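[1] Okay, structure incoming, though there's no sequence with it:
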């Protein structure tokens, strides 16, 4: 039986990009009979919702537009889309990113063809950067792999810290009550880690070419959150919960050498961030580093 896929696109002030994102969905090689598109406009002041509506009215794909009356952030927009979704799996696509034509077919077939109950399917992706007025692929194709130990693998590979390259089983995400509605640097990685810690199976769907293109915009929300202490704190808290999970699964409560090194690198970066801003949170991060057996290795781990 074919896997049904809901494509959820949260948008805010994205009128210049939303049609490109939608076009990438319509051009999928996967049958539109097994697709639905849900655009959630998070109280944009521009014409994002109207652009999306006009585009979708011309297409032969099931679709819906959800409009928030007030701005609630990306996590809340994704939750709104999740509540409307009816597919077996959900593709979360940021309004300024785009899918490669084979993305959904590749991953849906991987999910349908497995004897195991796969909860997250993922594939390679590529950055898009603005060069001389044109968007071009930038750097190498990113090919994360986390199948063997998803929690540790996600922590070790920030190239996996995006929802776009994944396809997520809707029932698993609903079981974990969707997204935490806090504005956080960890808005994408937090649900992925939560799924991994809940025992959800992750499966790589190999592709010789990128399946998603992630647009690097200088005014994106993620870049704005990088200078926001509260958003950074929420990411630090997400990493801490992952550490506690890794300790709890060991009979002696210890971490492997790999886990200690990976966590130290993550904590040190954000402890340095808070120190530069004179925030009290830096003391907490420092204590976590010391618990890993390290004495303020901030310069070493930056």
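    The structure has been received and is ready for your questions. The shown structure was predicted, so the numbers you read here are calculated from the model rather than taken from an experiment.

[2] can you map out the helices along the stretch 51-200 of the chain?
    Using DSSP state H, counting those that start in this stretch, the helices of the stretch 51-200 of the chain run over residues 74-84, 103-112, 150-156, 170-175, 189-197.

[3] Could you export these as JSON lines, including distance to residue 215 and mean neighbour count?
    (Glycine included, C-beta is placed from N, CA and C.) Listed next are the helices of the stretch 51-200 of the chain as JSON lines, based on distance: least, Cβ to Cβ, whole Å; neighbours: other Cβ atoms under 10 Å:
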{"stretch": "helix 74-84", "distance to residue 215": "15", "mean neighbour count": "21"}
{"stretch": "helix 103-112", "distance to residue 215": "15", "mean neighbour count": "22"}
{"stretch": "helix 150-156", "distance to residue 215": "22", "mean neighbour count": "21"}
{"stretch": "helix 170-175", "distance to residue 215": "24", "mean neighbour count": "17"}
{"stretch": "helix 189-197", "distance to residue 215": "19", "mean neighbour count": "23"}
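
[4] Of all the ones you listed, which one is nearest residue 183?
    helix 74-84 (7.8 Å; Cβ to Cβ).

[5] Need the mean per-residue confidence for the closest one.
    Model confidence over helix 74-84 averages 97 on the pLDDT scale.

[6] For it, name the packing helices and strands.
    Judged by 3 or more Cβ pairs under 8 Å, 6 or more residues apart in numbering; DSSP states H and E, helix 74-84 is in contact with strand 5-11, strand 35-41, strand 62-67, strand 89-92, helix 170-175.

[7] Can you list the buried residues in the fourth one?
    Under the neighbour-count criterion of 16 or more other Cβ atoms under 10 Å, strand 89-92 has 89-92 buried.

[8] In this structure, where is pLDDT below threshold?
    Residues of the chain meeting the criterion pLDDT under 70: 218-227, 270-286, 288, 294-302.

[9] Quick check: longest strand in it by residues?
    The single longest strand within the chain, with elements called by DSSP state E, is strand 134-142.

[10] which SS class is residue 260?
    Taken by DSSP: H, G, I helix; E, B strand; the rest coil, the conformation at residue 260 corresponds to helix.

[11] Now render the helices and strands packed on helix 74-84 as a markdown table, adding distance to residue 213.
    Below are the helices and strands packed on helix 74-84 laid out as a markdown table (distance: least, Cβ to Cβ, whole Å):
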| stretch | distance to residue 213 |
| --- | --- |
| strand 5-11 | 14 |
| strand 35-41 | 18 |
| strand 62-67 | 22 |
| strand 89-92 | 14 |
| helix 170-175 | 23 |
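
[12] who wins for proximity to residue 142 among the ones you listed?
    Comparing the helices and strands packed on helix 74-84 against residue 142 with Cβ to Cβ, the closest turns out to be strand 89-92 (17.1 Å).

[13] Next, format the buried residues of strand 89-92 as JSON lines and append distance to residue 124.
    What follows is these, written out as JSON lines (distance: Cβ to Cβ, whole Å):
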{"residue": "89", "distance to residue 124": "18"}
{"residue": "90", "distance to residue 124": "20"}
{"residue": "91", "distance to residue 124": "15"}
{"residue": "92", "distance to residue 124": "17"}
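
[14] between those, which is nearest residue 238?
    Checking the buried residues of strand 89-92 against residue 238 with Cβ to Cβ, the nearest one is residue 92 at 17.4 Å.

[15] Report the beta-bridge partners for the closest one.
    With beta bridges defined as DSSP bridges, residue 92 has these partners: residue 8.

[16] Now do the contacts for it.
    Going by Cβ atoms under 8 Å, 6 or more residues apart in numbering, residue 92 touches 8-10, 78, 81, 163-164, 166, 168.

[17] repeat for residue 181
    Counting by Cβ under 8 Å, 6+ apart, residue 181 touches 72-73, 75-76, 79.

[18] one more time with 6 Å
    Taking Cβ atoms under 6 Å, 6 or more residues apart in numbering as the definition of contact, the neighbours of residue 181 are 75-76.

[19] again, but for residue 245
    Taking Cβ under 6 Å, 6+ apart as the criterion, residue 245 is in contact with residue 197.

[20] Pull up the gap between it and residue 188, please.
    Noted for residue 245: a distance of 18 Å to residue 188, by Cβ to Cβ, to the nearest Å.

[21] try residue 55
    Distance from residue 55 to residue 188, by Cβ to Cβ: 25 Å.

[22] Those two: who's more crowded?
    Per other Cβ atoms under 10 Å, whichever of residue 55 and residue 188 has more neighbours is residue 188, with 22 against 19.
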